[in-house]
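> only geometry, no sequence info:
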RNA sequence: GGUCGAGUAGCUCAGUCGGCAGAGCAUACGCCUGAAAAGCGUAGGGUCACCGGAUCGACGCCGGUCUCGACCA
């Protein structure tokens, strides 16, 4: 057993390849996929999920833990993730987290106290937000929990509704459940981040999207949509799936859908990068050509 | 060759009667503890195709030039 490792970076940065290469060199390594979309069974091509062969060679966790008709949330993911980490530690093995979903990764490296849900209260608040506007709810939150109100934009309906839901539902201020995401205490993880020049990463993304289409992504999406239950609210947000569903419904051409996937995936990669780069605990590797060759030495310098 | 239309931000386009140049998207930057591949905010960006004219003042009016498109020959 040794210090758990984290390889993080934007989509298409090569972090999965790095993880596989490391695991091959270090028996006893188990990979934990920290990815909000690879959790769904059958969403394989579009999420660039590790192949069956890769999964047979190195143990993987948190893949295929849910049906695409189910909603996976932060709490459910965090619970499964903490269990996986505990298992790996019990076996005396080394966990290697491969992270693309910033908030989910955070819930594993910096365990959070998650407040709970009050669905009835929430739908009431959502109705009020629609009727009165989110600013009114934000003002109410500011009166009850000024710290939480200061952390979010008044126009961000989802976050304001959630904070009020928790504050009213639990009887405790939303902000009392944690210090906020801008606190980065020391944690027992070694984190290495992959950083690409944006134009290069954009090119990799475009190439990968086209490869996914050639590999049969359209058929994969059609199959998932036809299954009983289809795609849940959360699964339906997956890049590639969302746009191809539009195409399959006849609302745009395949070429338009592909162009949108490329654009949104690029924007997503930037958002991931902006999220991760705030974390001062991450050791960054500026990639030039070959992620595996350039990141492995950094990962091994422990 | 002729007629008509178009030319304004990286892209698609608004711009009223001549009075400080606009939107959406893109881009950059930032926020967000149960939707996070989601949600939200801020900012930068202009030779108004070009040349000349009338006017206190032109993206707008007048004359000419160029480019693109449609139609006619």
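Arrived safely, thanks for sending. In this text the structure is predicted, and so the values were computed from the model without any measurement.
> Check what contacts the host helix or strand of residue A:104 and list those residues.
Assigned by DSSP states H and E, residue A:104 falls within helix A:102-109. Here helix A:102-109 makes contact (C-beta atoms under 8 Å, 6 or more residues apart in numbering) with A:6, A:8, A:32, A:34-36, A:74, A:77-78, A:81-82, A:85, A:97, A:99, A:112, A:114, A:181, A:187, A:189, A:191, A:272, A:275-276. From N, CA and C alone the C-beta is placed, and that goes for glycine too.
> Give me the buried entries from those residues.
A:6, A:8, A:32, A:34-36, A:77-78, A:81, A:85, A:97, A:99, A:114, A:189, A:191, A:272, A:275-276 (16 or more other C-beta atoms under 10 Å).
> In strands, which of those appear?
Of the positions in those, A:6, A:8, A:32, A:34, A:97, A:99, A:191 sit in strands, assigned by DSSP state E.
> Now do the fifth one against RNA strand B, distance only.
Applying C-beta to the nearest atom of the strand, to the nearest Å, one obtains 14 Å for the distance of residue A:97 from RNA strand B.
> Does that residue touch residue A:32 like I think?
Yes - between residue A:97 and residue A:32 there is a contact at 4.6 Å, judged by C-beta atoms under 8 Å.
> quick one, helices of chain A?
Using DSSP state H, the helices assigned to chain A run over residues A:15-25, A:52-57, A:74-90, A:102-109, A:119-132, A:134-144, A:146-150, A:157-170, A:198-214, A:217-226, A:241-248, A:254-276, A:291-300.
> tell me what the last one is packed against?
Yep, that's helix A:291-300 we're talking about. strand A:5-8, helix A:15-25, strand A:190-195, strand A:282-286 (3 or more C-beta pairs under 8 Å, 6 or more residues apart in numbering; DSSP states H and E).
> residues of that helix that come out buried?
In helix A:291-300, counting by 16+ other C-beta under 10 Å, buried: A:291, A:294-296, A:298-299.
> Pipe the helices of chain A into CSV and attach mean pLDDT and distance to RNA strand B per row.
Converted to CSV, the helices of chain A look like this (pLDDT from 0 to 100; distance: least, C-beta to the nearest atom of the strand, whole Å):
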stretch, mean pLDDT, distance to RNA strand B
helix A:15-25, 97, 11
helix A:52-57, 97, 15
helix A:74-90, 97, 3
helix A:102-109, 97, 4
helix A:119-132, 94, 7
helix A:134-144, 95, 8
helix A:146-150, 96, 7
helix A:157-170, 96, 4
helix A:198-214, 96, 5
helix A:217-226, 98, 11
helix A:241-248, 96, 7
helix A:254-276, 96, 4
helix A:291-300, 94, 17
